[in-house]
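# Next input, structure requested:
(one chain, ligands or ions: 2)
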Amino acid sequence: MTKIIPASELIINPDGSIYHLNIKPEDISSTIIAVGDPERVAAISKHFDSLEFSMAKREFVTHTGMYRGKRLTVMSTGMGTDNIEIFMTELDALVNIDLKTRIPKATHTTLEIVRVGTSGSMRNEIKAGSKLASEFGIGMDTLMTYYTADQSDFEKKVGITVQAALGLPFTPYCFQGSQKLLDRLSKNLIIGNTVTCPGFFGPQGREVRLKPAIPDIIERLGAVELDNFKLTNFEMETAGYYAMGRLLGHEVLSLNAIVANRISLQMAEDPGAIIDDLILHTLQNI
Ligand SMILES: O=P(O)(O)O[C@H]1O[C@H](CO)[C@@H](O)[C@H]1O
Ligand SMILES: O=c1cc[nH]c(=O)[nH]1
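Ligands and ions are numbered 1, 2, ... in the order given. Below you'll find the model as predicted:
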């Protein structure tokens with residue numbers, strides 16, 4: 001029997017746009033650059049030759065236009081994997097569900113999604129100012145408790161190893177990103193494995209006024225080694241993208257502008273310049 005998705009489960013606005021993103025299927029390209037900071041959307045689309053569409057709702061800002069003959073969409077997500085779950089589900093619905101009949105389409109459309117974000121390094125040799133492509137994302141939140149996803153034996157082993165290293169009461173999730181996009185976009189970049197945290201301070205071992213429960217989290221994560229696999233950097237979205245991309249059937253890659261080194265305690269003097277450099281790299285290679 002054909003499955004009609006009820007109005008309460010897939011919410012469509014009165015104008016036919018999807019609930020949180022506030023956009024319609026025709027508003028986006030199948031190639032998407034995703035960023036956390038809403039202001040970074042214009043910092044990317046200013047390089048476009050023409051802009052055909054723009055929308056802003058909550059933290060989700062969308063610009064679509066042409067860049068050197070290619071139609072591109074840039075979107076912001078805000079911070080955290082909870083936002084990524086909404087972002088990926090609604091983006092997927094725009095291309096893989098007929099929003100008028102509320103029926104999944106017979107033919108699957110695969111999106112190419114490249115995250116361009118800021119990140120902190122947990123390895124002395126990965127200095128502030130570096131650009132890093134994430135081969136794997138390791139989720140330190142519990143988002144994947146609520147979905148059933150196929151993981152390779154290696155991905156499962158990474159999760160169990162990280163759980164043991166930190167003595168966590170749950171198993172972090174690990175997913176590999178798109179090899180196809182990594183091949184296309186990682187030229188001259190460091191290739192690393194990104195730890196995605198449900199917070200910027202305690203979950204990344206930062207002490208301001210509160211003492212983190214795992215004060216040596218950087219050292220413990222830095223010591224995790226499986227064959228040639230090492231963890232390299234912290235941020236707050238990549239693993240959510242990789243997990244949701246696997247579940248929904250999209251190619252996803254995360255690129256990171258390293259703005260801080262957590263070992264040398266070095267902060268980049270001009271973080272904006274590093275992200276601008278990564279934006280140009282992304283536009284030239286996407
Ligand atoms: O620069 P963005 O894309 O927001 O990414 C990083 O910066 C934010 C924290 O400052 C988190 O979202 C983290 O993942
Ligand atoms: O250290 C950092 C820098 C940027 N974003 C993070 O989540 N952590």
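
# Just give the closest residue to T142, not the sequence neighbours.
Distances taken as CB to CB, 6 or more residues apart in numbering put F170 closest to T142, at 5.8 Å, once the chain neighbours are dropped. No exception for glycine: its C-beta is placed from N, CA and C like everyone else's.

# Hmm, I typed the wrong one, I wanted A7.
A7's closest residue in space is R102 (CB to CB, 6+ apart), at 7.6 Å.

# Return the residues in contact with that neighbour.
For R102, the contacting residues are 4-7, 10, by CB atoms under 8 Å, 6 or more residues apart in numbering.

# Residue of this structure nearest ligand 2, please.
Nearest to ligand 2 in the chain, going by CB to the nearest ligand atom, is G120, at a distance of 2.2 Å.

# Any residue of the helix or strand encompassing that residue touching ligand 1?
If you go by DSSP states H and E, G120 is part of strand 112-121. Yes - using CB under 6 Å from any ligand atom, a contact is recorded between strand 112-121 and ligand 1, made by 117-118.

# Can you list the helices and strands that that strand packs against?
Strand 112-121 makes packing contacts with strand 31-35, helix 179-185, strand 233-235, helix 238-248, strand 251-261, helix 271-285 when contacts are defined by 3 or more CB pairs under 8 Å, 6 or more residues apart in numbering; DSSP states H and E.

# Now do the contacts for the closest residue to N124 other than its chain neighbours.
In this structure, N124 finds its nearest non-sequential neighbour in I263, 4.3 Å apart by CB to CB, 6+ apart. Contact analysis of I263 by CB under 8 Å, 6+ apart lists 121-124, 218, 222.

# Next, format those as TSV and append pLDDT.
Listed next are those as TSV, based on pLDDT from 0 to 100:
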residue	pLDDT
S121	98
M122	98
R123	98
N124	97
I218	98
G222	98
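
# Narrow these to those that are buried.
121-123, 218, 222 (16 or more other CB atoms under 10 Å).

# which parts of this protein sit against ligand 1?
Taking CB under 6 Å from any ligand atom as the criterion, the chain approaches ligand 1 at residues 35-37, 79, 117-118, 200, 235-237.

# near ligand 2 too, which of those?
Of those, the ones that also sit near ligand 2 (CB under 6 Å from any ligand atom) are 118, 200, 235-236.

# Okay, now the unreliable bits of this protein?
Low-confidence segments of the chain, defined by pLDDT under 70: 1.

# Looking at strand pairing, list the partners for the residue lying closest to S178 once chain neighbours are set aside.
Setting aside the residues directly before and after it, S178 is nearest to E251 in space (CB to CB, 6+ apart), at 3.9 Å. According to DSSP bridges, E112 are recorded as the beta-bridge partners of E251.

# for the closest residue to R71 other than its chain neighbours, phi and psi?
Nearest in space to R71, with sequence neighbours left out and distances taken as CB to CB, 6+ apart, is S29 at 4.3 Å. Note on S29: backbone dihedrals following degrees, to the nearest 10 are phi -90, psi 170.

# hmm, back to that, okay, among the ones next to ligand 2 among the residues of the chain next to ligand 1, which ones form the most distant pair?
Taking CB to CB as the measure, those span a maximum distance of 10.7 Å, between T118 and F200.

# neighbour-wise, which of the two wins?
Using other CB atoms under 10 Å, the more surrounded residue of T118 and F200 is T118, with 21 against 15.

# Touching, that one and I275? I think so.
Yes - here T118 lies in contact with I275, judged by CB atoms under 8 Å, at a distance of 6.1 Å.

# Give me the common contacts of the two.
Any residue near both T118 and I275 by CB under 8 Å, 6+ apart counts here, and that gives 257, 259.

# Isn't R262 up against N124?
No - applying CB under 8 Å, one finds R262 not in contact with N124, separated by 9.4 Å.

# what about the helices in the stretch 51-200 of the chain?
Listed in chain order, the helices of the stretch 51-200 of the chain (DSSP state H, counting those that start in this stretch) span 81-96, 153-166, 179-185.

# got TSV for those, with mean neighbour count too?
Converted to TSV, those look like this (neighbours: other CB atoms under 10 Å):
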stretch	mean neighbour count
helix 81-96	21
helix 153-166	16
helix 179-185	15
